[in-house]
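A.B. asks: next come a sequence and a model predicted from it.
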Amino acid sequence: MSSNDLARGGRRGTARPDRAAWGFLLPFVALFLFVFVLPLGYAVYESLLKPIRSGPLGLGPATIGFAGLDNYTLALQQSDFLGSFGRVLLFGIVQVPVMLLLATVLALVLDTLSQRWAGILRAAYFLPYGVPGVIASILWGFLYVPGVSPLVDLLGRIGLAPDFLGYHGVLWSIANIVIWEFTGYNMLVIVAQLKSIPQELYEAARIDGASSWQTAVRIKLPLARPALVLTGVFSIIGTLQLFAEPLVIKPLTSSVTSAYTPNLAAYNEAFANNNIYLAAAESVILALVASVLSFGFLSLVNRKERGAR
Amino acid sequence: MNSSPPSRRSVLRWGAGAAGVSALSALTGCGQTVGAARTTRQESTRPGQKVNLVFWTWVPMQKTVDLWNKTHPDIHVEMQTIPASTGGGYQKMFSALTAGNPPDLAQVEYQELPAFMLVNGLTDLSSYGADELRDKYVPWQWNQGVFGGRVHTIPQASGPMGLFYRQDLLAKWGIETPATWAEFEKAARVVKARGNGARLSAFNPNSPAWFAAMCWQRGARWVHTEGDTWIVGMNDDRSREVAEYWQRLVRDDLVFVEPDLSSGWYRQLQTGQVVTWIGPQWGDALLRGNAPGTKGKWRVAPLPQWKAGQNASANWGGASTAVLQGSRHPREALQFAHWINSDPKAVDLNIAVGYGWPAATGVFEGSALDKPDPFFGGQRYNDVFTASDRAIDTSWKWSPTTDADFAHLGDAFGAAMAGEGTFASALADAQKRAVDDLLAKGLKARSQS
């Protein structure tokens, strides 16, 4: 009773502490505006512009004019830019479930191990996440190139001749790099969620005679759901933003094109082709697709949750 | 309620508004022109003041720069090594131009010059007396940097092409040095039959600059202009003929398909698996450095011809020393750009690092290039390249979107290798994309015919 009263009393004086709360929020809001809203607004602004050329052959001085939605029309007409979305979607449909399944299994296994072993293994699984994506791609690149790779050599000797960098295979070679990099990270998020499950639940389950398999499926998994949703959203966004891995692998194979992923397309448009306006439009389209997909995923999951209750 | 703090929504609205206002105020100030944020201006110097210049290049010319610094105490040049060409070098330069902090001097290849013009990235050197230097350079290379009658860069070197071949192996298999492309194909069939796994040559599907040179030799024009319109002709009959020729060689397994200038290719050169290379003059240093064990076995012949008795050649590569837009010491930068490309001592040091075929006239005679070479069995192999250089059709033009054209072509060739389309359809695809790219940049453009 008394604790309830206390809680109510605390809630009653909300007006002033909220001002303090905004004070605490200020650093976040400032950074959010500066590194998120402002660049986003700038990209939208740039995407509505185009250069207006003058002089012989258009090589004279140029000014910037309003383009309307020209850049968006152009971006959506480019078959390889559209194709890049299909590619990352296919990538995500396969790679995200595989990675999350792996992360969940690892997390559940770690949760049942003794403290000492769990600590060592957790660190070991997490280690790849500490390797920057570019370095990871270089490492794996060496393992993919025939003639250099001991892996290709070994598989060749037992009669398999995998073409890791082939036209159809390279996407899954990249998926492998991403899984290697991020499984440990996602595992850690799930482990943290599992740690927060009250011990009483396990005790109750044990008293009720639940096997450790039943405990895992009936208690741990449902309660780890928020972590799975979170890692799911992060993975979807990460997939759409695939960039460093294909960029690093590109020099090794002609199968990775200049518009292999939406981000790579925008990058090449901006810095190789020097058309920042079109690149801005492509980036905005990518941001829209990413938000539609991640909010779509969230509402799908939430609706299911509500339905389950 | 009445003293309630600002709602979450109103704060967000404020934030968005503030962000919008600051964005607008930032943009209206400097958003008027495209490209370089700073324009070149000669800054006055006090007597005795040392001028510092920054020079971005990927050619290892540090020794040449050291010589300049020793002989020119008033003007100090700091060479900074950047990633080569489109591997990051130009991306860096374009970003620096847009940001307004470019280096004074930079290595810019001929095919990239129109793209730099498009972002106003080059200093008009005619304003600083560059026209007087015209006679010192090979006319066609000089003209690569002339736009609208004004000089915009100092040419450095080019890459006239020839056929590097293993004389010992061709002799062993009874093959005459191919003088035409038909003979080249015949020779390739013989090597496949007798060569015990060797192939006459390698085809790199991801080297559009090389493929462009092949079309250049055939007499194609990938881009030309009519009035103010850019006309793209990558998919003309002549280029298609070249594409179909190489498609046949690839299909019949007469050539290796792999990147040249790569570790795998170098190993095949060392072991004699690859017997010839259709390469530029600057490739001599690469052969010497990467296949030293084959010394004395190589020779150089003119490029095979499409019709017997013709004398057509092509160029692969070629670069200039440009003074980027925004320099504060264009006069001194021009002085350096001219010196590094024409001073006999500087040229000798450049030759030693394989910088290419000199653009300056009169520096070849008596230089390190003008000698019989033991690596090529004592052949005066550069005589072949001298003739090749003269036979280059110098009316070839580059588009301001060459980088993107090359990327599209490389992508389409890669797809063709995977069975999606042919080399010829790759040309059609790239041509369409090239026109789109030009239009997207606000230029007038159309496909040929």
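C.D. replies: Now that the structure is in, tell me what you want to look at.
A.B. asks: surely A:S84 touches A:A266?
C.D. replies: No - if you go by C-beta atoms under 8 Å, A:S84 and A:A266 don't touch, sitting 9.6 Å apart. The way it works is simple: take the backbone N, C-alpha and C, and place the C-beta from them, glycine included.
A.B. asks: quick check: closest non-adjacent residue to the residue nearest to the spatial centre of chain A.
C.D. replies: Centroid-nearest residue in chain A: A:G238, 1.8 Å away (criterion: C-alpha atoms, centre = their mean). Leaving aside its sequence neighbours, A:G238 sits nearest to A:F182 (C-beta to C-beta, 6 or more residues apart in numbering or on different chains; 7.1 Å).
A.B. asks: which strand or helix spans the residue nearest to the centre of chain A?
C.D. replies: helix A:225-240 (DSSP states H and E).
A.B. asks: what residues of that helix count as buried?
C.D. replies: Neighbour-count burial for helix A:225-240 flags A:A227, A:L228, A:T231, A:G232, A:V233, A:F234, A:S235, A:I236, A:G238, A:T239, A:L240 (criterion: 16 or more other C-beta atoms under 10 Å in any protein chain shown).
A.B. asks: how about the helices of the stretch 301-449 of chain B, start to end?
C.D. replies: Taking DSSP state H, counting those that start in this stretch, the helices of the stretch 301-449 of chain B run over residues B:330-342, B:344-352, B:382-390, B:402-417, B:423-440.
A.B. asks: could you do the stretch 51-200 of chain B as well?
C.D. replies: Going by DSSP H, counting those that start in this stretch, the stretch 51-200 of chain B shows helices at B:62-71, B:89-99, B:113-118, B:139-143, B:167-172, B:181-194.
A.B. asks: identify whichever of those helices lies nearest to B:S449.
C.D. replies: Checking the helices of the stretch 51-200 of chain B against B:S449 by C-beta to C-beta gives helix B:113-118 as the closest, at 22.4 Å.
A.B. asks: low-confidence bits of the chain, can you list those?
C.D. replies: Let's take chain A. For chain A, the stretches with pLDDT under 70 are A:1-17, A:147, A:306-309.
A.B. asks: the chain in question should be chain B.
C.D. replies: Checking chain B against pLDDT under 70 turns up B:1-33.
A.B. asks: just want the most central residue of it.
C.D. replies: B:G317 (3.9 Å).
A.B. asks: isn't that residue right up against B:Q156?
C.D. replies: No - counting by C-beta under 8 Å, B:G317 sits too far from B:Q156 to count as a contact (10.5 Å).
A.B. asks: spell out which residues are contacts of both of the two.
C.D. replies: Common contact partners of B:G317 and B:Q156 (C-beta atoms under 8 Å, 6 or more residues apart in numbering or on different chains): B:G356.
A.B. asks: can you get me a residue count around the spatially closest residue to B:T401 that is not a sequence neighbour?
C.D. replies: Nearest non-adjacent residue to B:T401, counting by C-beta to C-beta, 6+ apart: B:D437, 4.4 Å away. Neighbour count for B:D437, taken as other C-beta atoms under 10 Å in any protein chain shown: 27.
A.B. asks: and B:D437, what does it touch?
C.D. replies: Applying C-beta under 8 Å, 6+ apart, the residues near B:D437 are A:N273, A:N275, B:T401, B:A404, B:D405.
A.B. asks: and B:A96, how close does it get to A:V178?
C.D. replies: Distance of B:A96 to A:V178, given as C-beta to C-beta, to the nearest Å: 32 Å.
A.B. asks: hmm, A:A279 is touching A:A270, no?
C.D. replies: Yes - under the contact definition of C-beta under 8 Å, A:A279 touches A:A270, with a separation of 3.5 Å.
A.B. asks: look at these two and report which has more neighbours.
C.D. replies: Remark: of A:A279 and A:A270, A:A279 carries more neighbours, 24 against 21, as counted by other C-beta under 10 Å.
A.B. asks: ramachandran angles for that one?
C.D. replies: Backbone geometry at A:A279, expressed as degrees, to the nearest 10, gives phi -60, psi -40.
A.B. asks: ditto for B:V59
C.D. replies: phi -80, psi 130.
A.B. asks: how about B:R299?
C.D. replies: phi -140, psi 170.
A.B. asks: beta-bridge partners for it, please?
C.D. replies: B:Y165 (DSSP bridges).
A.B. asks: ok, B:P372 - contacts?
C.D. replies: Taking C-beta under 8 Å, 6+ apart, we find B:P372 in contact with B:G378, B:Q379, B:R380.
A.B. asks: which one of those residues has the most neighbours?
C.D. replies: B:Q379 (17 neighbours).
A.B. asks: hang on, isn't that residue packed against B:A301?
C.D. replies: No - contact between B:Q379 and B:A301 fails when scored by C-beta under 8 Å: they sit 9.8 Å apart.
A.B. asks: and residue 34, how many neighbours?
C.D. replies: All of this is about chain A. 12.
A.B. asks: you looked at the wrong chain, it should be chain B
C.D. replies: Residues near B:V34, counting by other C-beta under 10 Å: 23.
A.B. asks: quick check, the residue in the stretch 201-309 of chain A closest to chain B?
C.D. replies: A:S254 (3.2 Å; C-beta to the nearest C-beta).
A.B. asks: that residue falls within a helix, correct?
C.D. replies: No - according to DSSP: H, G, I helix; E, B strand; the rest coil, A:S254 belongs to no helix; its state is coil.
A.B. asks: using CSV, write out every CA atom in the helix or strand harbouring A:P39.
C.D. replies: Here A:P39, judged by DSSP H and E, is contained in helix A:38-47. The C-alpha trace of helix A:38-47 is given here as CSV (Å, rounded to 0.1, in the frame of the first residue of the first chain):
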residue,chain,number,x,y,z
LEU,A,38,19.6,17.8,-41.0
PRO,A,39,21.4,15.5,-43.4
LEU,A,40,18.2,13.8,-44.3
GLY,A,41,16.6,17.2,-45.1
TYR,A,42,19.7,18.2,-47.1
ALA,A,43,19.5,15.0,-49.1
VAL,A,44,15.9,15.6,-49.9
TYR,A,45,16.7,19.2,-50.9
GLU,A,46,19.6,18.0,-53.1
SER,A,47,17.5,15.4,-54.7
